[in-house]
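[1] A structural model of the following input is requested.
(2 chains)
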Protein chains: 2
Amino acid sequence: MYGWRMKEGGENVSVICRSNYEAVKENGFSIESVKYGSHKFIPNNVYSTIKDASKDQEYDYILVCTKALPNITNPTDILKPLIKSNKTAIVLVQNGIGLEDPYVKAYPENPLITCAVYIDTEQKPGGIIEHGTMLELAYGLHTNKKDDNLDLMRNSVISNFHNILTSGGITSIVSTNIQKLKWFKLVWNAGLSPISVLSGKYPGGELVRNPGTRKIILNIMSEVVKVGEAVTGGPLHDKLSASEIPEHFVNFTESLSKIFITSMLQDFMNKKPMEHQVILKNVIDLAKGLNISVPTLETMYELLVMNEKKYLEPTGIPPKSP
Amino acid sequence: MYGWRMKEGGENVSVICRSNYEAVKENGFSIESVKYGSHKFIPNNVYSTIKDASKDQEYDYILVCTKALPNITNPTDILKPLIKSNKTAIVLVQNGIGLEDPYVKAYPENPLITCAVYIDTEQKPGGIIEHGTMLELAYGLHTNKKDDNLDLMRNSVISNFHNILTSGGITSIVSTNIQKLKWFKLVWNAGLSPISVLSGKYPGGELVRNPGTRKIILNIMSEVVKVGEAVTGGPLHDKLSASEIPEHFVNFTESLSKIFITSMLQDFMNKKPMEHQVILKNVIDLAKGLNISVPTLETMYELLVMNEKKYLEPTGIPPKSP
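    Predicted coordinates for the structure are as follows:
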């Protein structure tokens, strides 16, 4: 969806496809969007491998739009052929915490943009994309030092990216405190995703309406808020206090008119790896370092890993690696 | 198993059977025991209903050997035809906490014996009983006032019961603090049972050997010990300290040579109601009253209820009633 809008905005967009390669190579993507209507997205180039995509090309921006599974493979390895100089910016279009560390380590000279992703979409087989109404990207330069006075728009990598998104009609939010936005978003994700799997496969609405699971969701969210505030060194929201954030997200979930199946539950039902590392484990590890107790997160995490092991181990995918 | 040994010890034993009635009426029970070998148990009477069992009969002891599911039906209702005077003692051969309250309320004049049950057995269809090596019963009179100086053996209901068990070769442990023994036993049960279901159906051994789930099991056990000590007003064990009890049970589970499938996991796999009320919910409610935080127990309980709902609701069994 982001690539399509960038191309519509006038950019040269190449895509690397996996299972949908043949279909996309042949026909492009078919987009069915509530917001935009029906469209075709024909990328400038369609590749089936990173190696092919790297031939005679150097990119300004690489958008990493895969699931974040650093527990299964080092996500930076596959990018190697694409990174030919420090002119290429890496954009992590992924939710979750602690995603950036491997990239900083592997490509210390390349600009790294990290995001809070707001999109309601699903890709069906054969390059068919169903999209709702949301298409926003909040992002910032990932730097190891915090600097609230940093004028990000004076950074050309960021200001160009802002122009590209805006030209494509994507709501672009440049943030000097992107981790705060990522943690805020994580509160919802961590609260709803694991329980949607572990409760026995329920949609979000049912889980927040049921008083028992609502309580557990609020517990998880409170634990995440506590860790997030300690890690980012401030409140996660300008208007909502720490104690209001969980209620806010639970009420928001309750108000959704569409049946809300978390992407973690979709992965579980499709027997695919779940993003428990960046949604739970990295949070638990940070909490440990800060001496914050997160018993509910720990419980959910260990239960998820065991459930995943049941279907991943027979396929040879290691469910948990150091 | 207890009924069989009582009959062997010289008592008159009647049984009320449900799905196995026809088989037991015809052929009695076939017992395959590691401890006792192969035997037939022909009860004095075999009934298919409580009503039939109550005709022209008054019993000295009624052993309640069903699962404890007070969340589904009031367990005392079905006993009514059998309780003709205060001479009949009710013996709850059930593990779990808070079982006694409905009986005290329904039959305040009848002696109530409550137990910690130590038996490794499984009933197969058709009255076939497989038994291992354990056959112990620890029990005491359920009284609402605590009295450590109470000489239970001077109580004829208890001393007769002790003689009956002993004559049958059952290890009989009379306790003036039976709740302490029940809580101690509950630590193991609460620690292993819910996680064996929620982790995705693992045997106990795997769960204690896996460091992640071992940690969660220890967390749950610590929460139960804390509540148990507060409720019983003292340590749960004479030699093990509160902090040693969880490790004790985890090591014990690790040492078991047989694959250990909890009875809760058996119920889950057979789509039967699980004993989450007496193993978790009653503990959580007691903790609440005492202002003790039990986040892991709460999480496990709510997840269990939701998982159970998935298979119970279509059958019309209400999974949770007030």
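
[2] what about the strands in the stretch 101-250 of chain A?
    Taking DSSP state E, counting those that start in this stretch as the test, the strands found in the stretch 101-250 of chain A are A:112-124, A:128-141, A:171-174.

[3] Adding mean pLDDT, distance to A:Thr213 and mean neighbour count as columns, could you present these in a markdown table?
    The way it works is simple: take the backbone N, C-alpha and C, and place the C-beta from them, glycine included. Listed next are those as a markdown table, based on pLDDT from 0 to 100; distance: least, C-beta to C-beta, whole Å; neighbours: other C-beta atoms under 10 Å in any protein chain shown:
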| stretch | mean pLDDT | distance to A:Thr213 | mean neighbour count |
| --- | --- | --- | --- |
| strand A:112-124 | 93 | 23 | 18 |
| strand A:128-141 | 95 | 25 | 18 |
| strand A:171-174 | 96 | 32 | 17 |
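
[4] Verify the stated contact: A:Ser19 with A:Pro125.
    Yes. If you go by C-beta atoms under 8 Å, A:Ser19 and A:Pro125 touch, sitting 7.2 Å apart.

[5] Of those two, which one has the most company?
    A:Ser19 (11 against 8; other C-beta atoms under 10 Å in any protein chain shown).

[6] where's the more buried one, which helix or strand?
    Using DSSP states H and E, A:Ser19 sits within no helix or strand.

[7] and it, how far is that from B:Tyr59?
    68 Å (C-beta to C-beta, to the nearest Å).

[8] Considering only the stretch 1-150 of chain A, name the residue that lies closest to chain B.
    A:Asn71 (12.5 Å; C-beta to the nearest C-beta).

[9] List the residues that contact the closest residue to that residue other than its chain neighbours.
    Nearest residue to A:Asn71 in three dimensions, chain neighbours excluded: A:Gln277, at 4.1 Å (C-beta to C-beta, 6 or more residues apart in numbering or on different chains). A:Gln277 is in contact with A:68-71, A:96, A:98, counting by C-beta atoms under 8 Å, 6 or more residues apart in numbering or on different chains.

[10] Taking the residues you listed together, which two end up most distant?
    A:Leu69 and A:Gly98 (12.5 Å; C-beta to C-beta).

[11] can you confirm A:Lys258 is in a helix?
    No. Assigned with DSSP: H, G, I helix; E, B strand; the rest coil, A:Lys258 falls outside any helix and is coil.

[12] How about the residues of chain A by chain B?
    Counting by C-beta under 8 Å from any C-beta of the partner chain, chain A comes close to chain B at A:195, A:198-202, A:207, A:210, A:212-213, A:215-216, A:219, A:295-296, A:298-303, A:305-307, A:309-310.

[13] Could you turn the buried ones of those into a ChimeraX selection?
    Those of the residues of chain A next to chain B that count as buried under 16 or more other C-beta atoms under 10 Å in any protein chain shown are selected in ChimeraX with:
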select /A:195,198,199,200,202,207,210,212,213,216,219,295,296,298,299,300,301,302,303,305,306,307,309
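
[14] And the pLDDT at the residue of the stretch 1-150 of chain A closest to chain B?
    Looking at A:Asn71, its pLDDT reads 94.

[15] same deal with A:Pro318?
    With respect to pLDDT, A:Pro318 scores 57.

[16] next one: A:Met153
    Reported pLDDT for A:Met153: 68.

[17] quick one on the thing from earlier: among the contacts of A:Gln277, which one has the most neighbours?
    A:Gly96 (26 neighbours).

[18] Show the contacting residues for that one.
    Counted by C-beta under 8 Å, 6+ apart, A:Gly96 has contacts A:68, A:182, A:186, A:189, A:275, A:277-279, A:282.

[19] what's the domain layout of chain A?
    A:1-176, A:179-312 (the TED database).

[20] quick one: which of these has the weakest pLDDT on average?
    Among these, domain A:1-176 scores lowest, with a mean of 93.

[21] Between the two ends of that domain, what distance do you get?
    One end of domain A:1-176 to the other measures 25 Å (C-alpha to C-alpha, to the nearest Å).

[22] so how far is that domain off the chain centroid?
    Remark: domain A:1-176 is offset 11 Å from the chain centroid, using C-alpha atoms, centre = their mean, to the nearest Å.

[23] nearest to B:Val91, of the contacts of A:Gln277?
    A:Asn71 (51.4 Å).

[24] unless I'm mixing things up, the closest one is touching A:Asn282, no?
    No. With contact defined as C-beta under 8 Å, A:Asn71 does not count as touching A:Asn282 (9.7 Å).

[25] Now do the helices in the stretch 101-250 of chain A.
    A:101-106, A:156-167, A:178-198, A:204-209, A:211-232, A:244-255 (DSSP state H, counting those that start in this stretch).

[26] angle of the last one against helix A:178-198?
    Compare the direction of helix A:244-255 with that of helix A:178-198 by axes from the mean of the first three to the mean of the last three C-alpha atoms, to 10 degrees and you get 50 degrees.

[27] Who are the packing partners of helix A:244-255?
    helix A:178-198, helix A:204-209, helix A:211-232 (3 or more C-beta pairs under 8 Å, 6 or more residues apart in numbering or on different chains; DSSP states H and E).

[28] any idea how far the first one is from the chain center?
    For helix A:178-198, the distance from its own C-alpha centre to the chain's C-alpha centre is 10 Å (C-alpha atoms, centre = their mean).

[29] Which neighbouring elements make contact with that helix?
    strand A:112-124, strand A:128-141, helix A:204-209, helix A:211-232, helix A:244-255, helix A:263-269, helix A:295-312.

[30] That helix vs helix B:295-312, what angle?
    Interaxial angle, helix A:178-198 versus helix B:295-312 (the same axes, to 10 degrees): 50 degrees.

[31] And for the last one?
    Angular relation of helix A:211-232 and helix B:295-312 on a 0 to 180 degree scale: 140 degrees, by the same axes, to 10 degrees.

[32] which of the residues in helix A:211-232 are buried?
    The neighbour-count check on helix A:211-232 (16+ other C-beta under 10 Å) flags A:212-214, A:216-229, A:231-232 as buried.

[33] sorry, back to before: tell me if I am right that the residue nearest to A:Asn71 is in a strand.
    No. Under three-state DSSP, A:Gln277 sits outside any strand and is assigned helix.
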